[in-house]
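Engineer: quick one: sequence and predicted model below, then my questions.
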Amino acid sequence: MIAIGFILGFFEKHSNKYLVRAFGPQGVLLTAWIGTPIHEIGHLLQCFIWGHRVSRVKLLQLNSHDGVLGYVEHHYNPNSIYHQVGNFFIGLGPIFSGIGSLILGMYLFVPQSYETFKAEIHQHVSLEKLDINVLKTIGGAVIAITKSLFTLHNLINPFFWIFLVLAISISSHIALSKADIQSSARGLWMIFCLLVLFNIAAGIFHLDSYRLIVKSAEYNAYLLAFASIALLFSLLTFTVSYLLYKLKTI
């Protein structure tokens, strides 16, 4: 998921760059009015789940002098292991809220494409192991979604175009900021320490941790498969912004 965050960040950075070149500094606002609140809601929800105290929230600010479109200020007890682990998930919150919003939008506006995607995931995601086949599943899911979305029936369906606007706006702001990555890194370090302690205890007391590892791999496989939606629309956003930039310079 961290790797997915970096890939989404690459697409977002270049998409916004081309939008700014095409429409000026206000070009980013074309997508921010939907994407930024969903990004910040992802942080906010994870703060509630992990018990962090939220002091200030700005889901969208259009006239910021430093260019920050939104933020969530939160505080935690550094002596609490639960709070420290929460930093990892709070930092990744926008990925969860972004992917969830894309799936919900697909379910509501293009249900046939949603069913195709769900069938692809259930058919190919392995529940026994996490290996190279998961990457093939992501590629297959992207191809299946693309074929089911861009059909003649959808192109004349107004709900498809509503979903497309929503999807492009969400995927344009799903990536992690530098502060998000730093927050996740603090939580990741604590998770790493806990896993080391768990493995030591499992070795001493002869505990079978294989079933837990398999279950974790299963969740990761599903998350990566769902992330294929965000990757698809981030790539689409990058392509559209680049074409708009080229049209502007003609």
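Structural biologist: Cool, got the structure.

Engineer: all strands for the chain, in order.
Structural biologist: 53-58, 71-75 (DSSP state E).

Engineer: for the nearest residue to Pro37 once chain neighbours are set aside, grab phi and psi.
Structural biologist: Closest residue to Pro37 apart from its sequence neighbours, by CB to CB, 6 or more residues apart in numbering: Leu59 at 4.1 Å. Backbone N, C-alpha and C define where each C-beta goes, glycine included. Dihedral pair for Leu59: phi -70, psi -30, per degrees, to the nearest 10.

Engineer: next, the contact list for Leu59, please.
Structural biologist: Taking CB atoms under 8 Å, 6 or more residues apart in numbering, we find Leu59 in contact with 36-37, 40-41, 70.

Engineer: could I get the strands of the chain as CSV with distance to Leu195 and mean neighbour count?
Structural biologist: As requested, those are arranged in CSV below (distance: least, CB to CB, whole Å; neighbours: other CB atoms under 10 Å):
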stretch, distance to Leu195, mean neighbour count
strand 53-58, 27, 12
strand 71-75, 25, 17
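
Engineer: could you dump those strands to TSV with distance to Gly187 and mean pLDDT?
Structural biologist: As requested, the strands of the chain are exported to TSV (distance: least, CB to CB, whole Å; pLDDT from 0 to 100):
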stretch	distance to Gly187	mean pLDDT
strand 53-58	16	94
strand 71-75	13	92
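
Engineer: got those as a markdown table, with distance to Ile162 columns?
Structural biologist: Formatted as a markdown table, the strands of the chain follow (distance: least, CB to CB, whole Å):
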| stretch | distance to Ile162 |
| --- | --- |
| strand 53-58 | 26 |
| strand 71-75 | 28 |
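
Engineer: closest one to Thr239 among the ones you listed?
Structural biologist: Closest to Thr239 of the strands of the chain, according to CB to CB: strand 71-75, at 29.2 Å.

Engineer: contacting residues around that closest one?
Structural biologist: 40, 43-44, 47, 52-58, 90.
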